[in-house]
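Student: got a predicted model here, sequence first, then my questions.
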Amino acid sequence: MTDTTVPPTDLTDIDQIAQNAAAAADGWAGLEPTERAAAMVAVADALEAAGPELVAIGMEETGLSEARLTGELKRTAVQMRLFADTVVDGGYLDVRIDDADQAFALGVRPDLRRYRIPVGPVLNFAASNFPFAFSVAGGDSAAALAAGCPVVVKAHSGHPRLSVATADVVITALEANGAPAGTFQLISGQQAGVELLKHPLIAAGSFTGSIRVGRLLADIAAARPTPIPFYGELGSVNPVFVTTGALDENPEAIADGYLTSVSGSAGQLCTKPGFLFVPAGNTLGDILAEKAAGIGEHRLLNPGIATSYAARRAAILAAPGVTAVAEGALRIDEDGQGWATPTIVSVGIDDVVAQREVLADEAFGPLSIMVEYDESSDLVAAADALFEGNLTGTVHAADGEDSPRLRALIQWLSEHTGRVLFGGWPTGVAVTPAMTHGGPWPATTNDSSTSVGTSAITRFTRPVTYQSAPQALLPKPLRDDNPWSVPQLRTPAGESTNWGSAAKR
């Protein structure tokens with residue numbers, strides 16, 4: 001492990017990499033669902049088998065703990081298995097069959113059969129802060145593979161050797177289980193990623209990272225001669241609102257949960273609560289200061305993040321009206337790595353709105369802003385002034401609490417976030433079918449999708465309809481005998497004459 005660098009991909013190889021992915025597309029998409037699923041399960045098994053080696057590399061490159069990385073690797077394997085079952089189930093294909101109907105209400109209707117097909121090769125830009133779950137073999141890669149798309153991953157510079165090692169595990173497992181060569185590839189280097197995103201054989205892109213870089217890549221994808229969909233997860237401050245009743249019920253639990261959520265993994269999580277709205281005149285600050293003093297320093301992911309965090313933290317601490325509750329610290333070592341303890345600051349609701357240009361943006365690291373409000377404060381108006389789209393929004397209310405003010409806040413959160421939490425804390429994203437990990441801009445570039453949960457697969461598919469096709473020429477999911485046993489939504493002949501009757505029941 002003495003070599004700490006991975007050379008960037010030679011730009012002269014970009015076309016061949018795209019050609020390899022395109023050549024694998026039909027073969028990978030054409031596998032029977034059980035065969036594609038088995039290959040994905042083999043990847044999960046192989047990742048777990050290689051876990052000790054991969055985790056050791058990850059610890060060295062990222063500074064994340066063994067426990068954190070071990071748990072994240074397990075999540076990555078579970079994610080791959082979940083998508084394998086999704087493939088076999090086939091519900092994501094959204095099969096709809098309209099039988100031919102001579103008596104259709106608008107004239108003769110032909111036989112129409114619709115389902116979703118893979119879009120083709122996908123370029124996935126790996127994230128820095130989740131070196132397994134949102135990186136080489138992470139959720140975007142798993143969803144695209146499940147959809148039947150070849151994947152090219154642009155490795156993150158923050159964990160290059162881990163990226164190579166993980167890709168080797170994935171490629172070996174896939175190709176040993178029937179995937180064509182080129183189904184999964186890895187590239188390195190910023191320019192290589194940009195050039196491949198521009199390549200006409202790439203059909204979609206995905207990204208997890210900063211707003212600035214995500215917007216640049218999204219613009220490149222949109223400006224191509226043939227624009228392609230680009231799914232970016234970018235920035236989020238994840239506001240949390242605590243009512244007076246909730247704080248009175250259990251201030252210690254709120255302090256513990258908040259501080260754990262802010263400081264975990266040194267606050268380098270896209271769902272970290274960046275703002276906590278609490279009633280003015282509370283004692284929460286004293287509780288937080290005492291608890292924060294007992295938290296040891298944690299290394300930030302890389303020197304670039306440390307530099308950005310230092311500047312963001314300094315700007316927030318210097319903003320008018322801001323008071324340090326737990327000032328924390330940032331130490332830069334001889335290698336430029338940053339070591340941080342949590343910083344919690346307090347500010348009045350009027351001051352935070354007045355200083356929104358300084359305070360409202362994400363602070364990527366263990367820092368959060370406690371906003372104090374009084375009973376006359378308009379929380380919805382403040383939220384409107386401060387925030388755009390977010391991945392999450394959280395409400396802590398007392399048991400049984402209900403009021404027009406609380407309902408208005410919940411409504412606002414549902415319109416501006418992808419996940420509304422009641423109690424609890426937004427860090428920790430369950431890998432499960434009902435999860436939404438997305439939200440309006442700038443949380444993501446596409447607020448109708450998610451990067452976690454089984455519906456993530458639909459990002460890498462598109463619908464196509466067959467009209468009056470012979471049974472023998474139909475794709476298997478659309479045939480009457482349904483050899484893949486996928487769900488089929490059928491509209492029988494004669495039904496149109498009753499349309500509208502459901503409204504009369």
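Tutor: In hand now; what should we look at?
Student: use CA for all of it now, contacts and neighbours both
Tutor: Fine.
Student: residues of whatever helix or strand residue 259 lives in that come out buried?
Tutor: Assigned by DSSP states H and E, residue 259 falls within helix 251-263. Neighbour-count burial for helix 251-263 flags 251, 254-255, 258-263 (criterion: 16 or more other CA atoms under 10 Å).
Student: all the strands of the stretch 1-150 of the chain, residue numbers only.
Tutor: Under the criterion DSSP state E, counting those that start in this stretch, strands of the stretch 1-150 of the chain are mapped to 95-98, 112-118, 122-125.
Student: among those strands, which is nearest residue 364?
Tutor: strand 122-125 (18.8 Å; CA to CA).
Student: quick one: contacts of that closest one?
Tutor: 135, 140-141, 144, 149-156, 193, 196-197, 202-208, 460 (CA atoms under 8 Å, 6 or more residues apart in numbering).
Student: same question, stretch 70-78
Tutor: Stretch 70-78 is contacted by residues 43-45, 47-48, 51, 55, 130, 132-133, 137-139, 431 when judged by CA under 8 Å, 6+ apart.
Student: quickly name whichever of those residues is closest to residue 402.
Tutor: Residue 402 lies nearest to residue 431 out of these, by CA to CA, at 30.4 Å.
Student: pretty sure that closest one contacts residue 450?
Tutor: No: the pair residue 431 and residue 450 fails to qualify as a contact (CA atoms under 8 Å) at a distance of 11.4 Å.
Student: looking at those two, which one has more neighbours?
Tutor: Taking other CA atoms under 10 Å, residue 431 and residue 450 do not tie; residue 450 has more neighbours (25 against 18).
Student: contacts only, for residue 9.
Tutor: Each residue near residue 9 by CA under 8 Å, 6+ apart is listed here: 187-189, 192.
Student: let's have those in CSV, adding neighbour count.
Tutor: Shown next, in CSV, are the contacts of residue 9 (neighbours: other CA atoms under 10 Å):
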residue, neighbour count
187, 26
188, 21
189, 18
192, 19
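Student: redo these as JSON lines? Include distance to residue 468, pLDDT and secondary structure.
Tutor: Output for the contacts of residue 9, formatted as JSON lines (distance: CA to CA, whole Å; pLDDT from 0 to 100; DSSP: H, G, I helix; E, B strand; the rest coil):
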{"residue": "187", "distance to residue 468": "43", "pLDDT": "98", "secondary structure": "strand"}
{"residue": "188", "distance to residue 468": "47", "pLDDT": "98", "secondary structure": "coil"}
{"residue": "189", "distance to residue 468": "48", "pLDDT": "97", "secondary structure": "coil"}
{"residue": "192", "distance to residue 468": "44", "pLDDT": "98", "secondary structure": "helix"}
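Student: what helices or strands is the helix or strand encompassing residue 245 leaning on?
Tutor: Assigned by DSSP H and E, residue 245 belongs to helix 244-249. Judged by 3 or more CA pairs under 8 Å, 6 or more residues apart in numbering; DSSP states H and E, helix 244-249 is in contact with strand 275-279.
Student: just the CA atoms of the next helix or strand after the strand it packs on, as PDB, please.
Tutor: Next helix or strand after strand 275-279 toward the C-terminus (DSSP H and E): helix 284-292. The C-alpha trace of helix 284-292 is given here as PDB (Å, rounded to 0.1, in the frame of the first residue of the first chain):
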ATOM      1  CA  LEU A 284     -30.600  23.600  25.400                       C
ATOM      2  CA  GLY A 285     -27.400  25.600  24.600                       C
ATOM      3  CA  ASP A 286     -26.000  24.800  28.100                       C
ATOM      4  CA  ILE A 287     -26.800  21.100  27.600                       C
ATOM      5  CA  LEU A 288     -25.200  21.000  24.200                       C
ATOM      6  CA  ALA A 289     -22.000  22.800  25.300                       C
ATOM      7  CA  GLU A 290     -21.500  20.300  28.100                       C
ATOM      8  CA  LYS A 291     -22.100  17.300  25.900                       C
ATOM      9  CA  ALA A 292     -20.000  18.600  22.900                       C
END
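Student: which strands border whichever helix or strand comes after helix 284-292, and is each parallel or antiparallel?
Tutor: Counting by DSSP H and E, the next helix or strand C-terminal to helix 284-292 is strand 298-299. Applying DSSP bridges to the sheet, strand 298-299 is found paired with strand 338-341 (antiparallel).
Student: what average pLDDT does the strand it pairs with get?
Tutor: Average pLDDT, strand 338-341: 98.
Student: now the helix holding residue 259 against strand 275-279, angle please.
Tutor: When axes from the mean of the first three to the mean of the last three CA atoms, to 10 degrees is applied, the directions of helix 251-263 and strand 275-279 differ by 160 degrees.
Student: now do helix 251-263: distance to the chain's middle.
Tutor: What separates the centre of helix 251-263 from the centre of its chain is 23 Å, taken as CA atoms, centre = their mean, to the nearest Å.
Student: what mean pLDDT does it get?
Tutor: Here helix 251-263 scores 97 as its mean pLDDT.
Student: tell me where the longest helix sits in this structure.
Tutor: helix 66-89 (DSSP state H).
Student: could you dump that one to CSV, C-alpha only?
Tutor: Extracted C-alpha coordinates of helix 66-89, given in CSV (Å, rounded to 0.1, in the frame of the first residue of the first chain):
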residue,chain,number,x,y,z
GLU,A,66,-13.6,0.9,10.9
ALA,A,67,-17.1,0.6,12.4
ARG,A,68,-18.5,3.3,10.1
LEU,A,69,-16.9,1.7,7.0
THR,A,70,-17.9,-1.8,8.0
GLY,A,71,-21.5,-0.8,8.4
GLU,A,72,-21.4,1.1,5.1
LEU,A,73,-20.0,-1.9,3.3
LYS,A,74,-22.8,-4.0,4.7
ARG,A,75,-25.3,-1.4,3.5
THR,A,76,-23.8,-1.5,0.1
ALA,A,77,-24.2,-5.3,-0.1
VAL,A,78,-27.8,-5.1,1.2
GLN,A,79,-28.5,-2.4,-1.4
MET,A,80,-27.2,-4.7,-4.2
ARG,A,81,-29.4,-7.6,-3.0
LEU,A,82,-32.5,-5.4,-2.7
PHE,A,83,-32.1,-4.3,-6.3
ALA,A,84,-31.6,-8.0,-7.3
ASP,A,85,-35.0,-8.8,-5.9
THR,A,86,-36.4,-5.8,-7.6
VAL,A,87,-35.2,-7.1,-10.9
VAL,A,88,-36.9,-10.5,-10.4
ASP,A,89,-40.1,-8.9,-9.2
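Student: ok now do the closest residue to residue 68 other than its chain neighbours, which residues does it touch?
Tutor: Using CA to CA, 6 or more residues apart in numbering and skipping residues adjacent in sequence, the residue nearest residue 68 is residue 265, 7.8 Å away. For residue 265, the contacting residues are 64, 68, 298, by CA under 8 Å, 6+ apart.
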